[in-house]
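>>> quick one: sequence plus predicted model below, questions after.
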Amino acid sequence: MSTLTAKEAVRPPNNAPAGPGAAAQLAANLTPAAVLLLAVLAVWELLVRVLEVPVFVLPTPSSIAGVLVSRQGALLTASWVTGKEVLYGFAISTVVGAALALAIARYDSLGRALYPLMVLFQSVPKIALAPLFILWFGYDLMPKIALIVVIAFFPIALNMLVGLRAADPNLVALLRSVGASRNEILLRVQVPNALPYLMAGMKVAITLSVIGAIVGEFAGASAGLGYMIQFASTQMETALVFAALVQVSVLGVLFYYGVELLERRYITWSPNTRAG
């Protein structure tokens, strides 16, 4: 077999790209969850009204919706602050996690030294690091980004490493038989195979990034959804607390499905893409 044939053999399969119906399919998949959510909200509203629960203990969904509308300007401003922290931290986490996975897969000695340290670091309670990052970096954007990175990089690195190591051994042997270097095998076989795994890790990491941003704002901030939740709780504005939590949840869902849409659009050989 010639070198050209070997390169063609390891090229990622490019089935039909995700068409314009991908967004519609995603919406159809979300319909059962939306119906269940509406049912839960209806029961919640009914129970709070029947039992006459004080609003500062548990507000009704309708009162939370009223706060969402009346305070939407402040909530959007806070969402913008938190969203920037999430995006910056997630982007850096992706780069750091992918780079660590590539280094561990490429260099065996480095992998044996680095991988146990990654696992050890992952076991450290990240909330304990938040005050340290505030002390080191101040109260601006940097400590929140640093906290997001230490929380979110690990699932990216671990998932991509699994994908790199799960490459088809027959393709690896084929490239070796035509004289391909280890770097060529990494780029032509292992990396394409690892991209669906990378996207799975990114979907976990984006949700962790939202959590990391909120935890960082709890530790010390003057803006953002985490700051708003903390401030509203001290003022006994429970409806505002729930409204901010709704905003956080919406932010997390948007980021998650944004990553999923990227996977459907560009990683066309992913099993998740074919299943959709």
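Done, it's in.

>>> buried stuff in stretch 164-173?
Using 16 or more other Cβ atoms under 10 Å as the test for burial, stretch 164-173 gives L164, A167, L171, V172. C-beta coordinates here come from the backbone N, C-alpha and C atoms, glycine included.

>>> isn't the last one right up against E184?
Pointing back at V172 there. No: with contact defined as Cβ atoms under 8 Å, V172 does not count as touching E184 (10.6 Å).

>>> and the two most separated of the buried residues of stretch 164-173?
Farthest-apart pair in those is L164 and L171; separation 13.0 Å (Cβ to Cβ).

>>> any idea how far E263 lies from L195?
In this view, E263 and L195 are 9 Å apart by Cβ to Cβ, to the nearest Å.

>>> ah, wrong one, I meant Q122
In this view, Q122 and L195 are 23 Å apart by Cβ to Cβ.

>>> who has more neighbours out of those two?
A direct count of neighbours by other Cβ atoms under 10 Å for Q122 and L195 places L195 higher, at 18 against 15.

>>> within the helices and strands, which one has that one?
Of the helices and strands defined by DSSP states H and E, L195 is found in helix 191-219.

>>> show me what the top helix by length along the chain is packed against.
Longest helix in the chain, counting residues (DSSP state H): helix 72-106. The elements that helix 72-106 packs onto, with contact taken as 3 or more Cβ pairs under 8 Å, 6 or more residues apart in numbering; DSSP states H and E, are helix 108-122, helix 141-165, helix 191-219, helix 225-234, helix 238-266.

>>> okay, the first one in CSV with CA atoms only?
What follows is the C-alpha trace of helix 108-122 in CSV, where atoms were taken according to Å, rounded to 0.1, in the frame of the first residue of the first chain:
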residue,chain,number,x,y,z
ASP,A,108,5.5,8.5,27.8
SER,A,109,7.9,9.6,30.5
LEU,A,110,6.1,13.0,30.8
GLY,A,111,2.8,11.1,31.0
ARG,A,112,4.0,8.9,33.8
ALA,A,113,5.1,11.9,35.8
LEU,A,114,2.3,14.3,35.0
TYR,A,115,-0.8,12.1,35.1
PRO,A,116,-0.7,11.2,38.8
LEU,A,117,-0.1,14.9,39.7
MET,A,118,-3.2,15.8,37.7
VAL,A,119,-5.3,13.3,39.5
LEU,A,120,-3.8,14.5,42.9
PHE,A,121,-4.6,18.1,42.0
GLN,A,122,-8.1,17.2,41.0
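
>>> what is the rounded mean pLDDT of the helix holding L195?
When the per-residue pLDDT values of helix 191-219 are averaged, the result is 92.

>>> now the angle between helix 141-165 and it, please.
Relative orientation of helix 191-219 with respect to helix 141-165: 150 degrees, computed using axes from the mean of the first three to the mean of the last three Cα atoms, to 10 degrees.

>>> now do helix 191-219 against helix 72-106, angle only.
For helix 191-219 and helix 72-106, the angle between their directions (the same axes, to 10 degrees) works out to 140 degrees.

>>> quick check: buried residues in helix 191-219?
By neighbour count, and taking 16+ other Cβ under 10 Å as the criterion, the buried residues in helix 191-219 are 191-217, 219.

>>> could you do stretch 119-131 as well?
By neighbour count, with 16+ other Cβ under 10 Å as the criterion, the buried positions of stretch 119-131 are K126, L129, A130.

>>> quick one, phi/psi of the first one?
Backbone geometry at K126, expressed as degrees, to the nearest 10, gives phi -70, psi -30.

>>> fine by me, we can end here.
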